[in-house]
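> coordinates only, sequence not included:
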């Protein structure tokens, strides 16, 4: 597409959330990808999908009852018809603004209603709501499975009826022809039951696949939406908790099938037994069924308690494993492997102890259920023999048929121990997921985040306080203002909150008190996608994703081609890494950046930031771990890449970086100690005797001349 078409798509993408209720703003990456689509209709369809709108259905007629309408005009590009403006005119939103156009001015165009895609109930706010929605979406599969089970169980009756007829009619009369017919019929019923069970398994497998895909996507999206300060510190435990959805899904399906199929059909077989053997015979398996259920429920609480302990120990083991692998170098250098091994062994013993207790309880429950099945069979045969001996109408064939059916009645009892264990693990997993769903997202409590077309970079930080869990305040700022276009350095001692301040300004952290405004807007109310597209943040520790160097440089930048990447690499000095490796941009990078040095990771992050061309630059120690030559090269590149009027806030301990700024803010644990022009602050800092007594508590920003 042409650049003018790209511009039209960008304009339309920014307008859709304002014009259509519940539409979302397509990300910059999505817009750039759509710009490469050669067909304008296909590009508009993709844009609507990215905005959460229905696929356009084009018509040459504009229906006023379906406003707003997306209009595809010949040679003039897309527009949005928002209202009627008389009998022969429309109010149309175009790139030039809102205009009143006659039908002739609109010209030959195609129109399509703009409607949000129905999403029942919106995004789930809890893990339980998510699982209820996913199970409800697969209710058709469960209905088909229940119908298949009904047919299979009816076919299963053929076995008991076959036995009854053989003992009651074939053997007494020696009717071999009857036996042949019965045998063929019974074999057909067995084959039918086999086919039905296979079909039921295929339906359930398809439902499980769809459920897993939906659950996996929803849970991962929930993880991505979490605000950074809400993430639990133990990554390994978090990953184990997220994977728990598999046990919940397995139990949900097993419990549904048990409640819908296994237990109800037990009642069906009881009814057939009543027709054959009468109420006295039916009472035996019915009583044992109730007793077995009561006995199984006695094990439930004890299994649940041990399952909770096993889950906690298992999650901690995964966390310790991830921690040990991540810190393997430090552990080996310090010779502290024995300490990690002792922790691992203790957790292993704890997990094994709980698992063994669960296994013992489960086996005891299973053995008890087996005993009741055997006892039921023995008592029922004795009862049936007594009834037959008393001449009350029960034949030997009927007794054999009832004995076969009693196994079907008590069969679900054997499933209870395994179901109880599944329930215990699923309950723990669900509680873990609920805790994750309870964490706050990027714009917590904001129904429809703001989508500003452009951010200038004017920051106002008012009465902000932020503290990490179980720690004193890491940041306390009564007031800090940074005008759009300012170039500001944040300096100060270790632990003053400089990096935390940058994370708060990037919207990654939400202060416990106060607010952060950017261009007059509360930063937590701005949608994450447009904020990330315009705000470039370089963290103090650059972490890479597993893949290739190309993958990491183009992270979130689908339009960055190889030539653009190589140009940026030459400018930052990263080109030496590219040329020194035989795979070039396909250089493999391990998880977290394994395979490249700290300085190279820093250069990769800096190069990616230059490729993103942000309007606001937030840099945390941008040249740490770089040698002098690479540092000078990188600083020259940053100076060239930042356009006039763009905002820069940089945290640094290196004097060379201060050449990028015209203002310095000195941050201490008590707040802002100095704030003013670069040269004046540097002069004040060079006179320690006259500047060593800042006020102990947070204080308003003040010029360095006041304390010099």
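Alright, I've got the coordinates. This one's a predicted model, so the numbers in the text were calculated from it and none came from an experiment. Residues are numbered from 1 along each chain as shown.
> what secondary structure does residue 444 sit in?
Recorded secondary structure, residue 444: coil (DSSP: H, G, I helix; E, B strand; the rest coil).
> neighbours of it, how many?
13 (other C-beta atoms under 10 Å). Bear in mind the C-beta positions are built from the backbone N, C-alpha and C, glycine included.
> any idea which element residue 287 lies in?
helix 279-326 (DSSP states H and E).
> so how far is the helix or strand following that helix from its chain's centroid?
Later in the chain than helix 279-326, the nearest helix or strand by DSSP H and E is helix 328-334. How far helix 328-334 lies from its chain's middle: 33 Å, per C-alpha atoms, centre = their mean, to the nearest Å.
> for the helix holding residue 287, name the packing helices and strands.
The contact analysis (3 or more C-beta pairs under 8 Å, 6 or more residues apart in numbering; DSSP states H and E) places helix 279-326 against helix 235-242, helix 263-277, helix 337-389, helix 396-437.
> residues in contact with the residue located most distally from the centre of the chain?
Here the chain reaches farthest from its C-alpha mean at residue 173, the gap being 69.3 Å by C-alpha atoms, centre = their mean. Going by C-beta atoms under 8 Å, 6 or more residues apart in numbering, residue 173 touches no other residue.
> buried deepest among the helices and strands packed on helix 279-326, which one?
Across the helices and strands packed on helix 279-326, averaging neighbours per residue (mean count of other C-beta atoms under 10 Å) puts helix 396-437 on top, at a mean of 21.
> can you check what angle separates that one from helix 279-326?
30 degrees (axes from the mean of the first three to the mean of the last three C-alpha atoms, to 10 degrees).
> show me what helix 396-437 is packed against.
Using 3+ C-beta pairs under 8 Å, 6+ apart, the elements in contact with helix 396-437 are helix 127-137, helix 139-165, helix 176-225, helix 235-242, helix 245-257, helix 263-277, helix 279-326, helix 337-389.
> between those, which gets the lowest average pLDDT?
Here those differ in mean pLDDT, and the lowest is helix 235-242 at a mean of 68.
> can you give me the strands in the stretch 601-708 of the chain?
Assigned by DSSP state E, counting those that start in this stretch, the stretch 601-708 of the chain shows strands spanning 616-620, 647-651, 663-668, 671-677.
> now the ones you listed as JSON lines including mean pLDDT?
Converted to JSON lines, the strands of the stretch 601-708 of the chain look like this (pLDDT from 0 to 100):
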{"stretch": "strand 616-620", "mean pLDDT": "93"}
{"stretch": "strand 647-651", "mean pLDDT": "94"}
{"stretch": "strand 663-668", "mean pLDDT": "92"}
{"stretch": "strand 671-677", "mean pLDDT": "90"}
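> same list (these) but as JSON lines, adding distance to residue 138 and mean neighbour count.
Output for these, formatted as JSON lines (distance: least, C-beta to C-beta, whole Å; neighbours: other C-beta atoms under 10 Å):
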{"stretch": "strand 616-620", "distance to residue 138": "45", "mean neighbour count": "24"}
{"stretch": "strand 647-651", "distance to residue 138": "50", "mean neighbour count": "25"}
{"stretch": "strand 663-668", "distance to residue 138": "54", "mean neighbour count": "21"}
{"stretch": "strand 671-677", "distance to residue 138": "56", "mean neighbour count": "22"}
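> turn those into TSV, columns for distance to residue 299.
Output for the strands of the stretch 601-708 of the chain, formatted as TSV (distance: least, C-beta to C-beta, whole Å):
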stretch	distance to residue 299
strand 616-620	55
strand 647-651	58
strand 663-668	59
strand 671-677	60
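> of those, which is nearest residue 588?
Shortest distance between residue 588 and the strands of the stretch 601-708 of the chain, using C-beta to C-beta, is found for strand 616-620: 26.9 Å.
> need the contact partners of that closest one.
Taking C-beta under 8 Å, 6+ apart as the rule, strand 616-620 contacts 455, 457, 498-499, 502, 505-506, 518, 534-540, 609, 638, 642, 646-652.
> figure out how far it is from the centre of its chain.
28 Å.
> parallel or antiparallel, list what pairs with it.
strand 535-538 (parallel), strand 647-651 (parallel) (DSSP bridges).
> next up, the contacts around residue 592.
326, 543-544, 546.
> hey, where'd the helices end up in the stretch 451-600 of the chain?
498-505, 528-534, 549-553, 562-572, 575-580, 598-612 (DSSP state H, counting those that start in this stretch).
> adding mean neighbour count, mean pLDDT and distance to residue 322, write those helices out as TSV.
Formatted as TSV, the helices of the stretch 451-600 of the chain follow (neighbours: other C-beta atoms under 10 Å; pLDDT from 0 to 100; distance: least, C-beta to C-beta, whole Å):
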stretch	mean neighbour count	mean pLDDT	distance to residue 322
helix 498-505	23	92	23
helix 528-534	21	82	26
helix 549-553	21	87	21
helix 562-572	18	87	31
helix 575-580	15	89	27
helix 598-612	22	88	19
